[in-house]
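In: fold the following.
(chains A and B)
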Amino acid sequence: MPYTKRPTTVMTKLWILFAMLVCLCALPVLAAMHPLPKPTTDVVLKISGNLSHPNHGDEVWLDLDTLKSLPSITYETISPWNQGVQSFTGVQLSTLFEAVGANPASFDAIAMDNYRVTLNDSDIAGYPVIVAYLQNGEPISIRKRGPLRIVFPNSRHPELQTTRNKKLTVWHLIKLELH
Amino acid sequence: MNIRWAAAVAGLIALSCAIYLLYLMVLIDDTRQSLHTEGVHEFTSIQQIDRNLDNLIASLVAYRLATDTEQVDALRQSYITRFDIFYSALSVDSGWMAYLEGNQSAQQLIEASQHFLSRYEPLMNKNIVPEESLLVRMGEEARDLSQKAYKTAIALSATKTKARDSLLKRMARLLKILWITGLVFLLMTTIAIGFLCLSFKKAPTA
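Out: Residues are numbered from 1 along each chain as shown, chains lettered A, B, ... in the order given. A predicted model of the protein is given here:
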């Protein structure tokens, strides 16, 4: 009897392990299928257009806490609007789009002073372009062109130091309109 | 012997052409670099100053016209934010300010804007209710600055257009010289190779 019972137990354990693995893998997918929480403090970024997980009407409104809750990256880079190398922390645009259920071919970045520029998928594909909310570990004040800025990894990818990319490095970012 | 000398002369001319071609490449690259940095950012920077001032003026007017207490607080915050946005465009670490160096009227505009910012800085606190007359004066000064920015942008545009045209002319001239030198190089190399082949044919075999 023990000889017939033993393989069944192992199989059961394997099935349980497999089920647990499936659940673990499904967690991020399930999380991505849910809209981000509604803002409880000041809205710092609005995302509109072609997205599938709105949290305010047909848009996504984000406060700083929600933005900070998304996976972030930090890197040091030169920026056309600062002197010397600066450290920036923020959410990669692709991560942000995934969180709002979007895969835009292009999008408009709009600043507080109504500056508007269109970024294409090719502008950011393959590069960790971020919506930065920390500069040198500190929140970015409006006077320092925050609270959000689009930052390109210029130091690691010198080919990004173009006139066009200077225009795409939007400061005072408040809205993204996805196409 | 004569053929060999002719080949050597043609080869030397070809070599000179090759060296001159390299020098031309350096000149073309210099011109390209100048063209790359010429004009665009200066104009955008001034335009941005003008835009920020317009927004500040509009927010000051909206605040002065407001009557509802709740609205007044929000509008006060709004003009403080607009002031901060204007401040950010002129802050000391602005990399783009370097683009305006060497432009006298732009420098005057920046200095006047910085004076304006330091003069009204003490009012930019949400707990301070400024006097009406002070806000009117601030609005008028902002309007004057905006006018200056507009005029500076137009003057800058005219200057930069001239500079850009002269750079384009220089680029066209360099390209013409490049073509001529390239053709001479090709011709001399062909002649040199031709003479060398002839000299090999005429050379006595063992």
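
In: buried set for stretch A:169-179?
Out: A:169, A:170, A:171, A:172, A:173, A:174, A:175, A:176, A:177, A:178 (16 or more other C-beta atoms under 10 Å in any protein chain shown). Where C-beta positions appear, they are placed from N, C-alpha and C, glycine not excepted.

In: need the pLDDT of the first one.
Out: If I follow you right, that is residue A:169. The score at residue A:169 is 93. That number is its pLDDT.

In: that one reaches residue A:145, doesn't it?
Out: No. When contacts are counted by C-beta atoms under 8 Å, residue A:169 is not listed as touching residue A:145 (9.8 Å).

In: can you pick out the most distant pair from the buried residues of stretch A:169-179?
Out: Distance extremes for the buried residues of stretch A:169-179: the farthest pair is A:171 and A:178 at 20.1 Å, using C-beta to C-beta.

In: residue closest to the middle of chain A?
Out: residue A:96 (2.9 Å; C-alpha atoms, centre = their mean).

In: I'd say it and residue A:70 touch.
Out: Yes. With contact defined as C-beta under 8 Å, residue A:96 reaches residue A:70; the gap is 6.7 Å.

In: okay, and the common contacts of residue A:169 and residue A:145?
Out: Contact criterion C-beta atoms under 8 Å, 6 or more residues apart in numbering or on different chains; residues shared by residue A:169 and residue A:145: residue A:81.

In: could you find the closest non-adjacent residue to the residue in chain A that chain B sits nearest to?
Out: Closest contact between chain A and chain B, by C-beta to the nearest C-beta, is at residue A:142 (4.1 Å). Excluding its sequence neighbours, the residue lying closest to residue A:142 (C-beta to C-beta, 6 or more residues apart in numbering or on different chains) is residue B:84, at 4.1 Å.

In: got phi/psi on the one you found?
Out: Dihedral pair for residue B:84: phi -60, psi -40, per degrees, to the nearest 10.

In: got the contact list for it?
Out: A:141, A:142, A:143, B:124.

In: I'd say the last one and residue B:80 touch.
Out: Spelled out, that is residue B:124. Yes. Counting by C-beta under 8 Å, residue B:124 touches residue B:80, with 5.0 Å between them.

In: and residue B:60, what does it touch?
Out: Taking C-beta under 8 Å, 6+ apart, one finds B:79, B:135, B:138, B:139, B:142 in contact with residue B:60.

In: where's the fourth one relative to chain A, distance?
Out: Distance check for residue B:139 against chain A: by C-beta to the nearest C-beta, to the nearest Å, it reads 18 Å.

In: grab the nearest non-local neighbour of that residue.
Out: Nearest non-adjacent residue to residue B:139 (C-beta to C-beta, 6+ apart): residue B:60, at 4.7 Å.

In: on the three-state scheme, that neighbour is what?
Out: Residue B:60 falls in the helix class when you classify it by DSSP: H, G, I helix; E, B strand; the rest coil.

In: buried members of the contacts of residue B:60 into PyMOL, please.
Out: To isolate the buried members of those in PyMOL, using 16+ other C-beta under 10 Å:
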select buried, chain B and resi 79+135+138+139+142
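
In: show only the entries of the contacts of residue B:60 found in helices.
Out: Counting by DSSP state H, the part of those found in helices is B:79, B:135, B:138, B:139, B:142.

In: surely the first one touches residue B:61?
Out: No. Under the criterion of C-beta under 8 Å, residue B:79 lies out of contact with residue B:61, with a separation of 9.4 Å.

In: where does chain B dip in pLDDT?
Out: Applying pLDDT under 70 to chain B flags the ranges B:1, B:36-40, B:92-99, B:203-206.

In: nearest to chain A: which residue in it?
Out: Closest approach of chain B to chain A (C-beta to the nearest C-beta) occurs at residue B:84, with a separation of 4.1 Å.

In: relative to residue A:139, how far out is that residue?
Out: 14 Å (C-beta to C-beta, to the nearest Å).

In: residue ranges of the helices in the chain, please?
Out: All of this refers to chain A. So, for chain A - with DSSP H - the helices run A:2-33, A:64-69, A:93-99, A:121-124, A:163-168.

In: looking at chain B here, not the other one
Out: With DSSP H as the criterion, chain B has helices spanning B:2-37, B:40-65, B:69-89, B:104-120, B:132-202.

In: ok now the fourth one, how far from the chain's centre?
Out: Taking the mean C-alpha point of helix B:104-120 and that of its whole chain, the gap between them comes to 21 Å (C-alpha atoms, centre = their mean, to the nearest Å).

In: which positions in that helix come out as buried?
Out: Buried residues in helix B:104-120 (16+ other C-beta under 10 Å): B:105, B:106, B:109, B:110, B:113, B:116, B:117, B:120.

In: out of the residues you listed, which is nearest to residue B:184?
Out: Taking the buried residues of helix B:104-120 together and measuring to residue B:184 by C-beta to C-beta, the closest member is residue B:106, at 45.1 Å.

In: burial count for residue A:158?
Out: Other residues lying near residue A:158 total 10 when counted by other C-beta atoms under 10 Å in any protein chain shown.

In: picking up where we left off before, which of the helices of chain A has the lowest mean pLDDT?
Out: Among those, helix A:2-33 carries the lowest mean pLDDT, at a mean of 63.

In: thinking again about what came up before, which one of the helices of chain B lies closest to residue A:132?
Out: It's helix B:69-89; of these, that one is closest to residue A:132 (C-beta to C-beta) at 14.7 Å.

In: list, one by one, the residues from chain A near chain B.
Out: A:79-83, A:112-115, A:141-145, A:163, A:166-167, A:171-172 (C-beta under 8 Å from any C-beta of the partner chain).

In: and the buried ones among the residues you listed, selectable in PyMOL?
Out: Remark: buried members of the residues of chain A next to chain B, expressed as a PyMOL selection using 16+ other C-beta under 10 Å:
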select buried, chain A and resi 79+80+81+82+112+113+115+142+144+145+166+167+171+172
